[in-house]
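J.: Got a predicted structure plus its sequence, pasted below:
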Amino acid sequence: MDMKGRVAVVTGGTRGVGAGVAGAFARAGARVVVCARRPPDVPLEGCEFLPLDLRDGAAVRDFFARLDQVDVLVNNAGGTPYRLLGESDAERHARVIELNLTAPLTASLAARERLAATRGSIVMIGSVSGTRPSPGSAAYGAAKAGLANLARSMAVEWAPEIRVNTLVLGMVRTELSALHYGDEEGIAAVGATVPLGRLAEPREIGEAALFLASDAASYITGASLLVHGGGERPAFLDAATVNKEA
């Protein structure tokens, strides 16, 4: 998956999954441009950083207009705090949707002309939260569900010049894992609920994104690739009173 001579833009690529994605493209030889509101705490090897607030549509359009070439756009920026629906007002939940759904749409539209010129690729970073109930992150789950649908529509409208796919992520071990899962014991316990027995590493997400953007996936568009270690074991299996020996 040689990316030499190609330019990859990774939004929110300063840490966690985004840094894993940026690193994968850099190792493959791409020129990697990482954009976020704040610079990375640790320099990203082989990547350049440009500040950008993805909620500012005019700034996003200006950002892509200043780039001579874009071959890949990875819409990674996003996230949410734990917040039950009734604990906040609609405006605050709407900000989560803005970051996780509207911002990727804004970036994709701004990059469209550059991507079409290179017959490029967009990779959306989705989540299993968009495929199941997500108590405590309902707005985030709704946004990620919308993102996958947006990608499928975009893939049809913008073919054949631009391919558009979604990575549907499960749990990933990042710098913020302790906030969600607790200490090392908690992280290990949560990982044990995954069929593969652990959380994903950011570099593994990066390799999956690299595949979807590469020539190896040249006939893949409008697809959602599950990267979740096998998903979640159905709760009813543990509650059933038969076949406990098995």
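T.: Yep, it's here. All figures in this text were calculated on a predicted structure; none of them were measured in a lab.
J.: use CA for all of it now, contacts and neighbours both
T.: Noted.
J.: following the worst-scoring helix or strand of the chain on mean pLDDT, which helix or strand comes up?
T.: Lowest on mean pLDDT, DSSP states H and E among the helices and strands of the chain sits helix 177-181, with a mean of 64. Sequence order places helix 184-191 as the next helix or strand after helix 177-181, per DSSP states H and E.
J.: list the helices and strands that following helix packs on?
T.: helix 177-181 (3 or more CA pairs under 8 Å, 6 or more residues apart in numbering; DSSP states H and E).
J.: what ranges do the helices span in the protein?
T.: 16-27, 57-65, 90-97, 103-118, 138-158, 177-181, 184-191, 202-213, 235-239 (DSSP state H).
J.: right, so these: which one is the most enclosed?
T.: Highest mean neighbour count of the helices of the chain: helix 16-27, a mean of 25 (counted as mean count of other CA atoms under 10 Å).
J.: Touching that helix from outside, list them.
T.: 3, 8, 10-13, 31-32, 34, 44-47, 76-77, 172-176, 202-207, 209-210 (CA atoms under 8 Å, 6 or more residues apart in numbering).
J.: please redo it, this time with the cut-off set to 6 Å
T.: 12-13, 46, 76, 174, 202-203, 206-207 (CA atoms under 6 Å, 6 or more residues apart in numbering).
J.: what's the angle from that helix to helix 202-213?
T.: 60 degrees (axes from the mean of the first three to the mean of the last three CA atoms, to 10 degrees).
J.: mind putting the helices of the chain in CSV, distance to residue 165 included?
T.: Formatted as CSV, the helices of the chain follow (distance: least, CA to CA, whole Å):
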stretch, distance to residue 165
helix 16-27, 15
helix 57-65, 20
helix 90-97, 20
helix 103-118, 12
helix 138-158, 6
helix 177-181, 26
helix 184-191, 26
helix 202-213, 7
helix 235-239, 30
